[in-house]
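J.: what follows is a protein structure lacking sequence information:
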């Protein structure tokens, strides 16, 4: 008869192995329907953060429920925007995207609809392109949106990393509350009509 301690050790190893198997399948074959749930989003984001290299010195990776450390991005007109200070007192949905990212482009009409629906008094929307300025300007000339767009250089200290996405998966969206805390994170695109429920308090 196997001692009780040995049985517990086997069960613990099986649970850990099963969890690693789930994470491995997410990376190999994609998250499937799991990604469509809040629990799945949290697990997937936590797994990506755990697998990422440590950020450079002085770069704070935001975590759910914590204040976002201030940083700047450049608007297309060259002005600088400091997050989250520029939206103090108002919630803001920040969407990280790139002009070469198909799923990013597919969700832009949904984000644009949501931004227009919210107006000046609702949840604000900011797009941050991790891309080349000329490529973004050319893209927006063809497919304009009403919400502001900023630019940042992709890398280990970009806006996505600072907002909790150190692996650089796109599209990536966060909701920062009126007090500057990171409230929600989403990996992957929004479906039509999905943004309002996701961004509601």
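T.: Looks like it came in fine. Every value quoted in this text rests on a predicted model; they were computed, and no experiment measured them.

J.: phi, psi for residue 199 please.
T.: Backbone geometry at residue 199, expressed as degrees, to the nearest 10, gives phi -90, psi 0.

J.: contact partners for it?
T.: Applying Cβ atoms under 8 Å, 6 or more residues apart in numbering to residue 199 gives the contacts 91, 93, 114, 123, 175, 184. The C-beta positions use only the backbone N, C-alpha and C, and glycine is treated the same way.

J.: quick one, what contacts the last one?
T.: Going back to what we said before, that points to residue 184. So residue 184 contacts 64, 174, 175, 198, 199 (Cβ under 8 Å, 6+ apart).

J.: just the buried members of those residues?
T.: Neighbour-count burial (16 or more other Cβ atoms under 10 Å) is assigned, among those, to 174, 175, 199.

J.: for residue 147, state which of those residues is nearest.
T.: residue 199 (12.8 Å; Cβ to Cβ).

J.: ok, the contacts of residue 199 vs residue 85, which is closest?
T.: Checking the contacts of residue 199 against residue 85 by Cβ to Cβ gives residue 91 as the nearest, at 13.9 Å.

J.: leaving out the residues flanking it, which one is nearest to the closest one?
T.: residue 123 (4.8 Å; Cβ to Cβ, 6 or more residues apart in numbering).

J.: so which of the contacts of residue 199 sit within strands?
T.: Among the contacts of residue 199, the ones falling in strands (DSSP state E) are 93, 175, 184.

J.: bridging residues for the last one?
T.: Going back to what we said before, that points to residue 184. With DSSP bridges as the criterion, residue 184 is bridged to residue 175.

J.: hmm, back to that, could I get the ones in strands among the contacts of residue 199 as a markdown table with pLDDT and distance to residue 132?
T.: Converted to a markdown table, those look like this (pLDDT from 0 to 100; distance: Cβ to Cβ, whole Å):
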| residue | pLDDT | distance to residue 132 |
| --- | --- | --- |
| 93 | 98 | 24 |
| 175 | 98 | 27 |
| 184 | 95 | 29 |
